[in-house]
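The following block contains a protein sequence and its predicted model.
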Amino acid sequence: MSKISEHRQARLGRVFPDRELDPREIQREEAEMQELLQKCQVVFQRVQPELINDYYDWFMVIDPESGDYFIDKDEKVASQKADEKHPDAQWVIFCINETGSCEKV
């Protein structure tokens, strides 16, 4: 049986150094995500007052390009509905409540 060394050295550096993103690429992706969120937020703000009384705490998946949204009690079912209609789209999930957030922090 081998003896475990008591003097372990921490390995420094990135796990995948070749996958490091350029700061401009990171900024571009963050800007795209903010644009996506803004488009979805507009749709959410428009339909939330109509749905909040009947579907409180249900999940809403929004496709920003078409403006389509899919609601269900189960987050996975709502996501599946969105994938069936728009398989290649990026979408955002909201909760139908006063803020649109899905979890408490």
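Good, I have the coordinates.

Could you report the neighbour count for residue 89?
Neighbour count for residue 89, taken as other C-beta atoms under 10 Å: 15. Placement of C-beta: from N, CA and C, glycine included.

nope, residue 25 is what I was after
Neighbours of residue 25 under the rule other C-beta under 10 Å: 10.

Which positions within the longest helix seen in the chain qualify as buried?
Longest helix in the chain, counting residues (DSSP state H): helix 23-51. Buried residues in helix 23-51, defined by neighbour count with 16 or more other C-beta atoms under 10 Å: 36, 39-40, 43-44, 47-48.

what bridges to the residue nearest the centre of the chain?
Centroid-nearest residue in the chain: residue 92, 5.4 Å away (criterion: C-alpha atoms, centre = their mean). Beta-bridge partners for residue 92, by DSSP bridges, are residue 62.

got any ranges where this structure has weak pLDDT?
1-17, 104-105 (pLDDT under 70).

which one of the buried residues of helix 23-51 is nearest residue 22?
The closest of those to residue 22 turns out to be residue 36 (C-beta to C-beta; 20.7 Å).

from what I can see that closest one touches residue 65, true?
No: using C-beta atoms under 8 Å as the test, residue 36 is too far from residue 65 to be in contact (9.3 Å).

Tell me which residues of stretch 75-91 come out buried.
Across stretch 75-91, burial judged by 16+ other C-beta under 10 Å covers 78-79, 81-82, 86, 91.

Pull the most distant pair out of these.
78 and 86 (12.6 Å).

Out of the buried residues of stretch 75-91, list just those in helices.
Per DSSP H, the subset of the buried residues of stretch 75-91 in helices is 78-79, 81-82.

how about the residues you listed in CSV, adding distance to residue 54?
Below are these laid out as CSV (distance: C-beta to C-beta, whole Å):
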residue, distance to residue 54
78, 15
79, 21
81, 17
82, 20
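
related to what we said a few turns ago, what residues are up against the residue nearest to the centre of the chain?
Residues near residue 92 by C-beta atoms under 8 Å, 6 or more residues apart in numbering: 36-37, 40, 61-62, 64.
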